[in-house]
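Q: Prediction below, plus the sequence it came from.
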Amino acid sequence: MKKLLQGLERFQSGYFDEHRQLFEQLSHGQKPRILFITCSDSRIDPNLITQAEVGELFVIRNAGNIIPAYGATNGGEAASIEYAINALGIEQVIICGHSHCGAMKGLLKLQSLADEMPLVYNWLKQAEATRRLVKDNYQELEGEELIEVTVAENVLNQLSNLQTYPIIRSRLHQGKLSLHGWIFRIETGEVLAYDPILHDFVPPQRSIPLSNFFLGR
Ligand SMILES: [Zn+2]
């Protein structure tokens, strides 16, 4: 805690002081350009890896970067998505998974969590499509390889869930929204983005947004 308090002081006399005008501007309202959905894991920091300024990313974080399908729950994710697109007019959504994701490891042994961590179990059950798909289609994989594939398939499943939201469907139809699936690799610092044509995760400069693919542009 002491380290955090020292950090607060350093922030106020350093970064905040140098960016006083920006914070003054932001106090009148936010206009973030990106909805960034990622895991709660402490090793991924959306602003750090994208070098985005304060005010640029609207962030949703939870264990496993899971987006419950529309109507499945009445949680904060749905409300934040609606607010981001409807009120803030955000036109780009990124769902970013990451290597060594503990939530995805948990998903692979879901049943064993039921007793010990029932709340985690209940939450991860919302990624059942990921669990099922991996279980049925990647039987030959194990260890790190299996986790890697689970992380990747989960990003794709959550992108599908995102498209169950009326506001998302509507904006995609208007061509006013693009969706991106990313994976952050903790060990190398690199980000890979889903390319729907190659059906693979590639360096982001080479990938095309999902919406362009759906809309055939
Ligand atoms: Zn994670």
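A: Thanks, I have the structure now.

Q: What residues does this structure have near the ion?
A: Residues of the chain lying close to the ion (Cβ under 5 Å from the ion) are 39, 41, 101, 103. From N, CA and C alone the C-beta is placed, and that goes for glycine too.

Q: Can you pick out the most distant pair from the residues you listed?
A: 41 and 103 (7.8 Å; Cβ to Cβ).

Q: Which of those two has more residues huddled nearby?
A: More crowded of residue 41 and residue 103, by other Cβ atoms under 10 Å: residue 103, with 23 against 20.

Q: buried set for the helix or strand harbouring residue 96?
A: Applying DSSP states H and E as the criterion places residue 96 in strand 92-98. Buried residues in strand 92-98, defined by neighbour count with 16 or more other Cβ atoms under 10 Å: 93-98.

Q: CA atoms only for that strand, dumped as PDB, please.
A: Taking C-alpha atoms only, strand 92-98 is exported to PDB below (Å, rounded to 0.1, in the frame of the first residue of the first chain):
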ATOM      1  CA  GLN A  92     -14.400   0.500 -32.800                       C
ATOM      2  CA  VAL A  93     -14.600  -2.400 -30.400                       C
ATOM      3  CA  ILE A  94     -11.600  -4.500 -29.400                       C
ATOM      4  CA  ILE A  95     -11.900  -7.800 -27.500                       C
ATOM      5  CA  CYS A  96      -8.400  -8.600 -26.200                       C
ATOM      6  CA  GLY A  97      -7.500 -12.000 -24.700                       C
ATOM      7  CA  HIS A  98      -4.000 -12.800 -23.500                       C
END
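
Q: Would you mind identifying the next helix or strand past that strand?
A: helix 102-108.

Q: Name the residues that touch the longest helix belonging to the chain?
A: Counting residues, the longest helix found in the chain (DSSP state H) is helix 143-162. The contact list for helix 143-162, computed with Cβ atoms under 8 Å, 6 or more residues apart in numbering, reads 37, 64-70, 81, 93, 95-101, 104-105, 107-108, 127, 129-131, 133-134, 138, 141, 168, 179, 181-183, 194, 201, 210.

Q: Check stretch 185-192 too.
A: Contacts of stretch 185-192 (Cβ under 8 Å, 6+ apart): 43-44, 49, 96, 98-100, 182-184, 201-204.
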